[in-house]
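A.B. asks: Got a predicted model here, sequence first, then my questions.
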Amino acid sequence: MTYPASGDPGREDPRDQSQIPPRESGYDDFWLPMSPYGPPRKRRRGGRTALILIVAVAVIVIAGVVTVKALPRQQSQHTAGVQPTANTPAGDTEPALPSQQSPSTAGFHPTANTPAGDAEQVTTAFLRAWSSGNLGAAAGLTDDPAVAQEALASYRQGLNLRRLTGTVTGAVVASAPAVPAGPSATGAAASTTLETVTFRLDATVASSASPAAVSGTWSYRSALTAYQVPNGPGWLIEWLPSVVAPNLTDGDQLAAVTLPPGDTSVTDSAGNPLPSYDDPGLANVASRLAPMAPTKKGNAGLAVQIEDGSGGAVSGSTATIIAAKAGLVATTIDPAAERAARDAVSGTGGSAIAVIRPSTGYILAIANNAQFNDYALTAAVPPGSTMKIITATALINSGLVTESSPVGCPLTYTVQGVVLHNDNDESEPAATPFSHDFAQSCNNAFTQWWPQLSGRLAATAQAYYGLDQPWNIGFPGTSTSYFNAPASASGSELADETFGQGLVTASPLAMASVAATVESGHFQQPVVLAGLSTVSAQPLPPGTDAQLKDMMRDVVTDGTAANLGFGPGIYAKTGTADVQGQSEPDSWMVAFDPGEDVAIAALAVNAGGGAQVAGLEVKAFFNQYRP
């Protein structure tokens, strides 16, 4: 189609999608399921009212005669807001009927030099009136004012509209009318000058009329057809339901709806869901904490949807404006520690790691590589020579030894007919400092003290390390003992327990807590939720704690972990525990780093000596976790 002299020859057909103006940068296209410019949903035709004369930008009522004032040229066609100038409210809102006007005065009279400019001006006037709440004036610029005004009112009510702004973004020629033309065609069907005008709307909507309701801004694009009144200079907007929102058809309405917060999510300290780590221990924590009241309340969200005549949501029409946020139960699990622990156990089946913050008792990581088993929390196995930390504490507290006391370690030691051996048939002479016995993990330097430790070993575990009693680490209504040392042990059984064999059992969580207690000098019960009531214990005597630190450092520099290559600042104790029926012993290591305020215990079941497997896992953890 071409235009007369004032027109723009050679305009493309806007129904060719390549001619649609490009999407503006920074613009959110929320609407589903189709682009505003794609094929519309099937239009349901209702009865059309007679063509109604349109109020332009301002209507002046003088002695009952209505005239139309054109949009001033100096006024920006992209400026929102209608400024009516009538002397009465009725004059501001009620356009004259077509029968009251001649073709020369019908419609909005733009002042642009091109059809595109004229179409943009009438659309701008429409958007001004709509956004200012002057729905009568806005509807009067269409060719179906009654239906248009009802639709605009429904829009305002259904969305609980608080604010609306509209901006024209472009116009392209429409080469075919919206309905087939014919001898009796009227309105857009009869016009030879049609333009498709695109515009952007920013609507602040709310879930209800209450001032406290959830509200947000819905930004989207729409389009309309503007046409020149047949046989006249005025312009009108062809009214279709899709003018207010893409894909809207007769009988549909828009509604702002509340999105519920959803189920409570159990997360790490950074808000990541625990199940996302794919660890059986963390999955166990998540399932047991899920019924709890959220530690961080969730927030309802907000969406806009198309609803059909029965009030049901049209499939695929929901546009989320504000995403709902589930309530959170935030745990103490630290993402960096958890990742390092997960990577550390990945190489050996049957492995588990527990990591604790000594200053707070916060559980920073629970990692397992034991199929569906949560060994980090639930293992109840002999702790091996990591138990010698507690035995050394009892001996030093009782005044029986100091770190420098000479304590021999015989090749064998017999108690009540039971012969006890050292690993690898090692032995140490009588003048050996006790710290060296500890660093080399020579068993019989400890077993020989069993008569003096009767009743003291289990008591030391409880009094200074908070062990051998139930802990509530955060699971509602549940307390569990993660360590067991029989208080009545004596004879060969007690001798076995001095180096972590016999009936004494522990989990990695309990032994990580032992290392954490030495690091800080006092027990902080491990927890996975902050703010719980916890078990307390006596602080370690400063002299005892200092000697324990010295001996655990000797393990790293001159003892069983010396060949692992730990850098400065790491204190540790290895452990090897024989378990009946296993082809290999359980491998243990506990360690702490005061500079990072972190303590760890690693267990590898049926894997080998402590330094061979668990020691490598602890080193891998520190290599990744330490900055």
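C.D. replies: The structure has been received and is ready for your questions.
A.B. asks: And the strands in the stretch 301-450 of the chain?
C.D. replies: 301-307, 319-322, 328-330, 351-357, 362-369, 412-415, 418-421 (DSSP state E, counting those that start in this stretch).
A.B. asks: Could you identify which of those strands is most buried?
C.D. replies: Among the strands of the stretch 301-450 of the chain, strand 351-357 has the highest mean neighbour count (mean count of other CB atoms under 10 Å), at a mean of 29. The way it works is simple: take the backbone N, C-alpha and C, and place the C-beta from them, glycine included.
A.B. asks: Tell me what angle that strand forms with strand 362-369.
C.D. replies: Here strand 351-357 runs at 170 degrees with respect to strand 362-369, directions being taken by axes from the mean of the first three to the mean of the last three CA atoms, to 10 degrees.
A.B. asks: I figured Ser513 hits Pro526, correct?
C.D. replies: Yes - the pair Ser513 and Pro526 qualifies as a contact (CB atoms under 8 Å) at a distance of 5.3 Å.
A.B. asks: Please enumerate the shared neighbours of these two.
C.D. replies: In terms of CB atoms under 8 Å, 6 or more residues apart in numbering, Ser513 and Pro526 are both contacted by the residues 356, 361.
A.B. asks: Just send the strands of the stretch 301-450 of the chain back as TSV, with distance to Lys388 and mean pLDDT too.
C.D. replies: Conversion of the strands of the stretch 301-450 of the chain to TSV gives the following (distance: least, CB to CB, whole Å; pLDDT from 0 to 100):
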stretch	distance to Lys388	mean pLDDT
strand 301-307	56	95
strand 319-322	58	94
strand 328-330	37	92
strand 351-357	19	98
strand 362-369	24	98
strand 412-415	15	96
strand 418-421	14	95
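A.B. asks: Need the three-state assignment for Met552.
C.D. replies: The three-state label for Met552, taken from DSSP: H, G, I helix; E, B strand; the rest coil, comes out as helix.
A.B. asks: For the nearest residue to it once chain neighbours are set aside, what are phi and psi?
C.D. replies: In space, Met552 comes closest to Tyr571 once its chain neighbours are excluded; the distance is 3.9 Å by CB to CB, 6 or more residues apart in numbering. Listed backbone geometry of Tyr571 is phi -120, psi 140, with angles given as degrees, to the nearest 10.
A.B. asks: residues touching Thr295, list them.
C.D. replies: Neighbouring residues of Thr295 by CB under 8 Å, 6+ apart: 328-330, 529.
A.B. asks: same thing with Ala445?
C.D. replies: With contact set as CB under 8 Å, 6+ apart, Ala445 has these partners: 407-409, 428, 432, 434, 437-438.
A.B. asks: what's the distance between it and Gly500?
C.D. replies: As defined by CB to CB, to the nearest Å, Ala445 lies at a distance of 14 Å from Gly500.
A.B. asks: How about Ala151?
C.D. replies: Computed with CB to CB, the distance linking Ala151 and Gly500 is 80 Å.
A.B. asks: Ok, Ser269 next?
C.D. replies: Following CB to CB, the distance that separates Ser269 from Gly500 is 32 Å.
A.B. asks: now do Phe199
C.D. replies: Phe199 sits 77 Å away from Gly500 when distances are taken as CB to CB.
A.B. asks: Out of these two, name the residue with the larger neighbour count.
C.D. replies: Each of Phe199 and Gly500 has its neighbours counted (other CB atoms under 10 Å); Gly500 has more, 30 against 22.
A.B. asks: Check whether the more buried one really touches Ile389, as I assumed.
C.D. replies: No - assessed by CB under 8 Å, Gly500 is found out of contact with Ile389, at 9.6 Å.
A.B. asks: which sections of this protein are below the confidence cut-off?
C.D. replies: Scanning the chain with the threshold set as pLDDT under 70 gives 1-104, 176-184, 627.
A.B. asks: quick check: domain ranges of it?
C.D. replies: Here the chain is described, according to automatic domain parsing, as comprising the domains 48-178+195-250, 265-330, 335-625.
A.B. asks: out of those domains, nearest to Gly187?
C.D. replies: Counting by CB to CB, Gly187 lies closest to domain 48-178+195-250 out of those; the figure is 4.8 Å.
A.B. asks: Switch the domains of the chain over to JSON lines; also include distance to Ala185.
C.D. replies: JSON lines is the format used below for the domains of the chain (distance: least, CB to CB, whole Å):
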{"stretch": "domain 48-178+195-250", "distance to Ala185": "7"}
{"stretch": "domain 265-330", "distance to Ala185": "29"}
{"stretch": "domain 335-625", "distance to Ala185": "67"}
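A.B. asks: Those domains: which one's closest to Val257?
C.D. replies: Shortest distance between Val257 and the domains of the chain, using CB to CB, is found for domain 265-330: 5.4 Å.
A.B. asks: Between the two ends of the closest one, how far is it?
C.D. replies: Using CA to CA, to the nearest Å, the end-to-end distance of domain 265-330 comes out at 8 Å.
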